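Asker: Okay, here's the prediction I keep looking at, along with the sequence it came from:
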Amino acid sequence: MSRYEKVLNMVMDFNNSVRLAVISNTDGEILWNAKRKDVTLKIPLAETKKALKREASDWVERCKLEDRSNIGRAMYNITSFEKIKRVSVPIDAFHLLFISVDNEPIKKSKTKNYGRIVEMGKIMSIVDFVNNFE
């Protein structure tokens with residue numbers, strides 16, 4: 001099992017709100033993916049592929065920005081919709097982790113609280129763990 005498959009397995013195992021996890025290359029091509037069996041994708045995979053191409057291009061620009069300024073490395077990006085969050089994390093110079101997570105409002109809250117937990121610390125720990133121990 002490759003380290004990329006390990007990342008997907010660990011991400012899918014750590015939180016049931018993860019709907020889809022994808023590893024793409026810098027051209028936005030899907031290399032590995034995992035989808036929760038009981039989940040119907042809200043965005044078709046064809047649309048996700050288009051988003052991956054855009055996201056891969058955006059990461060190139062983020063890396064250029066971090067090189068030109070003293071802001072540190074780009075760590076992750078989150079796009080939040082009412083019902084899902086889409087998260088991208090660079091795994092290395094050639095691969096991107098893309099995750100779709102539920103973002104339903106917390107039902108017991110008196111107000112609509114869309115701050116559904118993405119748990120970026122755990123996701124980043126998984127990526128770091130797999131990168132460091134492969």
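Answerer: Okay, I see it. Residues are numbered from 1 along each chain as shown.
Asker: Contacts for the lengthiest helix in the chain, please.
Answerer: If you go by DSSP state H, the chain has its longest helix at helix 45-68. Helix 45-68 is contacted from outside by 20, 22, 24-30, 41, 43, 71-74, 77, 86, 88, 90, 96, 98, 100, using CB atoms under 8 Å, 6 or more residues apart in numbering. Quick note: C-beta positions are derived from backbone N, CA and C, even for glycine.
Asker: run the last query once more with 6 Å
Answerer: With CB atoms under 6 Å, 6 or more residues apart in numbering as the test, helix 45-68 has contacts from 24, 26, 28, 73, 74, 88, 90, 96, 98.
Asker: Assumed the fifth one was part of a helix.
Answerer: No - the assignment for residue 74 by DSSP: H, G, I helix; E, B strand; the rest coil gives coil, which leaves it out of any helix.
Asker: Make JSON lines from the contacts of helix 45-68 and add pLDDT, distance to residue 57 and neighbour count to it.
Answerer: As requested, the contacts of helix 45-68 are exported to JSON lines (pLDDT from 0 to 100; distance: CB to CB, whole Å; neighbours: other CB atoms under 10 Å):
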{"residue": "24", "pLDDT": "93", "distance to residue 57": "12", "neighbour count": "26"}
{"residue": "26", "pLDDT": "85", "distance to residue 57": "9", "neighbour count": "16"}
{"residue": "28", "pLDDT": "87", "distance to residue 57": "8", "neighbour count": "19"}
{"residue": "73", "pLDDT": "83", "distance to residue 57": "18", "neighbour count": "9"}
{"residue": "74", "pLDDT": "84", "distance to residue 57": "13", "neighbour count": "17"}
{"residue": "88", "pLDDT": "92", "distance to residue 57": "11", "neighbour count": "22"}
{"residue": "90", "pLDDT": "90", "distance to residue 57": "13", "neighbour count": "20"}
{"residue": "96", "pLDDT": "92", "distance to residue 57": "11", "neighbour count": "22"}
{"residue": "98", "pLDDT": "94", "distance to residue 57": "13", "neighbour count": "22"}
